[in-house]
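Colleague: I would like the atomic coordinates for the input below:
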Amino acid sequence: MSFKNLNLIEPVMKALTAEGYTIPTPIQQQAIPYVLEGRDLQGCAQTGTGKTAAFAIPIIQLLDQQKQFKAGIKVLVLTPTRELAIQINESFAAYGKYTNLRHTVIFGGVSQLHQTNALRRGVDVLVATPGRLLDLINQGFIDLRQLNIFVLDEADRMLDMGFIHDVKRVIERLPARRQTLFFSATMPPEIQKLAKSLLTNPAKVEVTPPTSTVDKIEQSLYHTNKSDKPDLLLHLLNEKRVRTALVFTRTKHGADKVVKFLLRSNVKAAAIHGNKSQNARQNALNDFKNGHLKVLVATDIAARGIDIDELTHVFNYDLPDVPETYIHRIGRTGRAGHDGIAIAFCDVDERTELRDIERLISFRIPVIEKHPYLPIPGAVPQKKVPVQRGRNMQRRKMTA
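Modeller: Down below sits the predicted model:
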């Protein structure tokens with residue numbers, strides 16, 4: 001199937017051709033017809049499956065076919081992070097460039113002046129993060145009474161980041177009659193409950209089972225000491241002649257430490273996380289996409305907006321506490337038909353996390369038995385205590 005088979009209008013097809021799009025991904029094939037029919041949609045698809053285009057393309061067509069535009073915001077896309085909001089807004093710009101679509105993006109951490117000026121000029125599509133959206137609603141800059149379509153993107157990440165209550169406050173301000181598109185990489189019980197409350201007789205699209213990993217990704221595991229992880233990372237970056245690498249750490253401080261080590265070793269690297277300014281994060285991301293940086297070190301929350309088709313390597317420098325996060329991380333590589341390589345480090349204190357990951361994916365990650373930084377024989381894991389984080393109990397290591 002090609003995009004020509006989806007009954008798309010000429011301005012949209014022209015934009016897709018300019019972007020080099022010819023064949024829709026599975027979620028695009030399934031979702032676009034339902035959205036064009038005006039149906040509510042529940043989409044379950046892991047990262048990298050093309051779900052932004054799956055809702056942006058038909059929304060642009062629906063708006064373009066409305067001959068008389070009423071004043072006011074017609075579409076609201078709610079998403080958890082600034083990076084992802086920017087990416088979605090850029091997608092609307094690309095797919096809608098041959099239409100009269102007006103769109104803008106709002107998020108916190110920067111001055112609101114530019115954002116409020118854009119809102120005053122009038123927009124059809126508003127892409128927003130929850131906090132800034134509620135703030136501008138309360139200030140009287142945003143009126144959602146003319147809304148036709150509501151898109152909730154990355155619903156599971158909204159829950160992980162503690163935004164679920166803000167999301168519910170936004171929903172209270174939406175008109176009852178609307179089309180709702182609901183996307184989530186995983187469907188835990190609370191997300192299922194939210195979807196049920198939002199959607200009316202929805203079409204359901206599930207492209208890749210949420211517990212599976214991408215077939216094209218070559219996975220491997222290195223057991224090592226925690227103190228040797230920096231040297232092992234540098235060794236592998238050089239040995240495997242890595243072109244681009246996304247490195248995941250558990251904490252912001254850990255990300256900064258890795259970057260400092262790599263810079264001292266003459267490897268071009270930068271970190272993105274919540275403590276970085278919006279400009280610093282966006283500059284680092286642009287430098288990485290443009291090839292000016294070899295390594296981008298990120299925490300999970302900051303990485304949700306990263307979308308790079310030719311990312312060759314993902315490193316799990318620290319294994320995640322939540323096993324589903326491993327799937328999201330390695331899904332950053334192996335996109336758009338390219339092969340990908342995912343490498344995980346595991347120190348003695350991360351063996352429980354490793355067992356949980358392998359149980360979830362039903363796969364024993366191949367272990368590299370020989371390398372220069374093997375772990376100390378007989379090392380004993382430290383005791384772990386549960387720490388309350390939001391509504392979930394997650395394991396954290398005791399610190400001195």
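Colleague: mind checking pLDDT for R395?
Modeller: For R395, the pLDDT comes out at 36.
Colleague: What residue spans form the domains of the protein?
Modeller: 3-206, 217-397 (automatic domain parsing).
Colleague: Switch those over to CSV; also include mean neighbour count.
Modeller: To be clear about C-beta, it is placed using only N, CA and C from the backbone, and glycine gets the same treatment. Listed next are the domains of the chain as CSV, based on neighbours: other CB atoms under 10 Å:
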stretch, mean neighbour count
domain 3-206, 18
domain 217-397, 17
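Colleague: By mean pLDDT, show me the worst of the ones you listed.
Modeller: Among those, domain 217-397 has the lowest mean pLDDT, at a mean of 83.
Colleague: I'd like the distance from that one to the chain centre, please.
Modeller: Distance of domain 217-397 from the chain centroid (CA atoms, centre = their mean, to the nearest Å) equals 16 Å.
Colleague: My read is that D287 contacts A269, right?
Modeller: No. If you go by CB atoms under 8 Å, D287 and A269 don't touch, sitting 10.1 Å apart.
Colleague: List the contacts of T116.
Modeller: 136, 141 (CB atoms under 8 Å, 6 or more residues apart in numbering).
Colleague: And R364, by the same measure?
Modeller: By CB under 8 Å, 6+ apart, the contact set of R364 is E358.
Colleague: Same question for the one 10 residues further on.
Modeller: Listed by CB under 8 Å, 6+ apart, the contact partners of L374 are 223-224.
Colleague: That one should be in a helix, yeah?
Modeller: No. L374 is assigned coil when assessed by DSSP: H, G, I helix; E, B strand; the rest coil, not a helix.
Colleague: follow-up on the earlier one: between D287 and A269, what contacts are shared?
Modeller: Residues within reach of D287 and of A269 at once, by CB under 8 Å, 6+ apart, are L293.
Colleague: D228 and C346, how far apart?
Modeller: Distance of D228 to C346, computed by CB to CB, to the nearest Å: 12 Å.
Colleague: cool, and P375?
Modeller: Using CB to CB, one gets 9 Å for the distance from P375 to C346.
Colleague: Quickly list what's touching both of those two.
Modeller: Each of 223-224 lies in contact with both P375 and C346 under the rule CB under 8 Å, 6+ apart.
Colleague: Quick one: the helices in the stretch 101-250 of the chain, in order.
Modeller: 113-121, 130-138, 155-160, 164-172, 189-198, 229-239 (DSSP state H, counting those that start in this stretch).
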